[in-house]
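Participant: build me a model:
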Amino acid sequence: MSAPTQRPKVTEREARQVAEAAREQDWRKPSFAKELFLGRFRLDLIHPHPLPSQEDVRRGEAFLAKLRTFCETRIDGRLIEREARIPDEVVTGLKELGALGMKIDPKYGGLGLTQVYYNRALALVGSASPAIGALLSAHQSIGVPQPLKIFGTQEQRDTYLPRLASTDISAFLLTEPDVGSDPARLATTAVPDGDDAYVIDGVKLWTTNGVVADLLVVMARVPASPGHRGGITAFVVEADSPGITVEHRNAFMGLRGLENGVTRFHGVRVPAENRIGPEGAGLKIALTTLNTGRLSLPAMCVGAGKWALKIAREWATVREQWGKPVARHEAVGTKISFIAATTFALEAVVDLSSQMADEDRNDIRIEAALAKLYGSEMGCLIADELVQIRGGRGYETADSLAARGERAVPAEQLLRDLRINRIFEGSTEIMHLLIAREAVDAHLAVAGDIIDPEKSLGDKAKAGARAGGFYARWLPKLVTGQGQVPGAYREFGALATHLRYVERTSRKLARSTFYAMSRWQGRMELKQAFLGRIVDIGAELFAMSAACVRAELLRSTDDHGKEAYALADAFCRQSRLRVEELFGRLWSNTDDLDRRVVDGVLAGRYEWLEAGVVDPSDDGPWIADATPGASTEENVHRKIP
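Facilitator: Purely as a prediction, here's the structure:
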């Protein structure tokens, strides 16, 4: 077996510098979540709840009606699950419906839906088949259309967007066999060939839609050379270009209809006009695209929550144990309450974030990341609770249930399908770090040089002066606020107490963050468990805020307002318990002990504990060889007519 590919050698600091250079450095617009982490509860940024225009509503509802009919008459989710493939005729029907162009401007042949209605469409189609939801999301949320919309030239938009709106499926290729969330080690290269083109070589892993894609967004490293800045760069690539081989279609525990593969590039010539943005801007393009692209995953989690609530309600009403419906037993009832309240909050978070994205008045990079983090985590908990409520029937497959004459409820499939959302588009662990970095940006902007070991004494002195002024103004404001005023937020009625709690707790969160930075300084970035809890508290506060604002919107429009208030109240009370537990674990935890145990595990001191079992895995390499070169595998790429 050949030796593994030689990846670029980078230190931990260099890897962090690459990630730092890719993030947006400035805050040109206000951010509710950023302010929340700083202890400033800016309710005015989200209330009154922003609303779409009447024209946006008309177009969005018209498409949802057509899509619902298509889902009910043309999509067989059990067939897709059974055969692990979306039928070509279904994909063709989606193309004819315009689903490939939901987010593309009508002047290019798209539907021009808002983010709000795009997300509602994904929730709807994802409830029929999560694999189809994933296909459409990967195509439009992170695939070719969004990068071109933001960073593409007019010529690129004119060339590709009409195709992408009607016939062509796209895929996003960043991950490699040994590169996930650490792009500094990206090994795929795009070498200028001197003829106004680039030659791409490398291997990409987990290319969602890659097996059936017509157009690809490929991230590759351009070597620095005279006339070339170099760096990780984005390209639009025709999927049937000579030298591209889809070597394998991957299979997963869930999303069995997903067309996800391994794609090899060998001497693939790409014209320079296919480059998106300048050389070295690839990661910035990817991260900017994800600012709104991440909202598609929590949108589908909302759809999953709605379906789980429906099944839980219907099943727990007819299933009786010990003389009454199981819903009337407290042990089951608390699970149903959690599903209902959390689904309401998730929809509030996604709709609020999406409407803010549509209005473009706020910077929503943190809000979108929080929505993805919170939605994926809570969605999995909802699915797990549904399986538990269903008992043995929850663990049994839908086909097995139908075969013995019972209603085919795919609860176990929901659990399998949702599990990937905690990994897709930034794992929970990476999202914690990404959000934490943005949350402490104001601190690093004024005091970062103080803890930077590479800064001179002069730089540190200047930073100290800046920090002194900033904290002299900021810290006193964390002592008291509207959350301590009994009548504050009275327009929210019974929910005002929760908003006062959010205001008080945001200041407590900011104080805790400041104390931790003062205590650990440059070692703060190593306290990942602590940072994760800080972010999780912020996510709960954001969700509580969104739930209250949505409930007030529904009350003011006479749209199930009383019921919405009850759900928001239940969610906030459940959330407050989680927040208090997280605060307790900020300072009372086993983090240091855990690190010592890990050291022991890695040193082999606990190998004796592994005795008494057999290992069913084979002896293949942990990471597949990705040495550049010609493919020796059959090309499994297929084009959907």
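
Participant: need the helices for the stretch 501-641 of the chain, in chain order.
Facilitator: Along the stretch 501-641 of the chain, counting by DSSP state H, counting those that start in this stretch, helices occupy 528-556, 561-587, 591-602.

Participant: for those, which one ends up most surrounded?
Facilitator: Mean neighbours per residue, mean count of other C-beta atoms under 10 Å, is largest over the helices of the stretch 501-641 of the chain for helix 528-556, with a mean of 24. Every residue, glycine included, has its C-beta placed from N, CA and C.

Participant: state the mean pLDDT of it.
Facilitator: For helix 528-556, the mean pLDDT works out to 97.

Participant: so what does it touch, helix or strand wise?
Facilitator: helix 32-37, helix 330-359, helix 365-390, helix 428-439, helix 496-520, helix 561-587, helix 591-602 (3 or more C-beta pairs under 8 Å, 6 or more residues apart in numbering; DSSP states H and E).

Participant: give me the neighbour count for the nearest residue to Ser170 once chain neighbours are set aside.
Facilitator: Nearest residue to Ser170, sequence neighbours excluded (C-beta to C-beta, 6 or more residues apart in numbering): Gly143, at 3.4 Å. Number of residues near Gly143 (other C-beta atoms under 10 Å) recorded here: 29.

Participant: and what of the one 3 residues further on?
Facilitator: Counted with other C-beta under 10 Å, the burial measure for Gln146 works out to 25 neighbours.

Participant: now it, nearest residue through space, not along the chain?
Facilitator: With C-beta to C-beta, 6+ apart, the residue lying closest to Gln146 is Thr289, at 4.8 Å.

Participant: kindly report the same for Ser31.
Facilitator: By the measure of C-beta to C-beta, 6+ apart, the closest residue to Ser31 outside its immediate chain neighbours is Asp363, 4.5 Å from it.

Participant: before we move on, which element is that neighbour in?
Facilitator: Asp363 is part of no helix or strand when elements are defined by DSSP states H and E.

Participant: right, and it touches Phe32 too?
Facilitator: No - between Asp363 and Phe32 there is no contact under C-beta atoms under 8 Å: 9.3 Å.

Participant: so which of the helices of the stretch 501-641 of the chain gets nearest Leu370?
Facilitator: Of all those, the one in closest proximity to Leu370, counting by C-beta to C-beta, is helix 528-556 (4.9 Å).

Participant: distance from that closest one to the middle of the chain?
Facilitator: Relative to the centre of its chain, helix 528-556 is centred 16 Å away, using C-alpha atoms, centre = their mean, to the nearest Å.

Participant: next: stretch 286-298.
Facilitator: Worked out by C-alpha atoms, centre = their mean, stretch 286-298 lies 6 Å from the chain centre.

Participant: give me the mean pLDDT for that stretch.
Facilitator: 87.

Participant: reformat the helices of the stretch 501-641 of the chain as TSV; add distance to Ala369.
Facilitator: Listed next are the helices of the stretch 501-641 of the chain as TSV, based on distance: least, C-beta to C-beta, whole Å:
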stretch	distance to Ala369
helix 528-556	9
helix 561-587	18
helix 591-602	23
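
Participant: nearest to Thr263, out of those?
Facilitator: helix 528-556 (31.7 Å).

Participant: quick one, that closest one and helix 428-439 angle?
Facilitator: 80 degrees (axes from the mean of the first three to the mean of the last three C-alpha atoms, to 10 degrees).

Participant: which other residues reach the helix or strand hosting Glu96?
Facilitator: Using DSSP H and E, Glu96 sits in helix 88-97. Counting contacts by C-beta atoms under 8 Å, 6 or more residues apart in numbering, the residues outside helix 88-97 that touch it are 66-67, 70, 74-75, 100, 132, 135-136, 166-167, 169, 212, 640-641.
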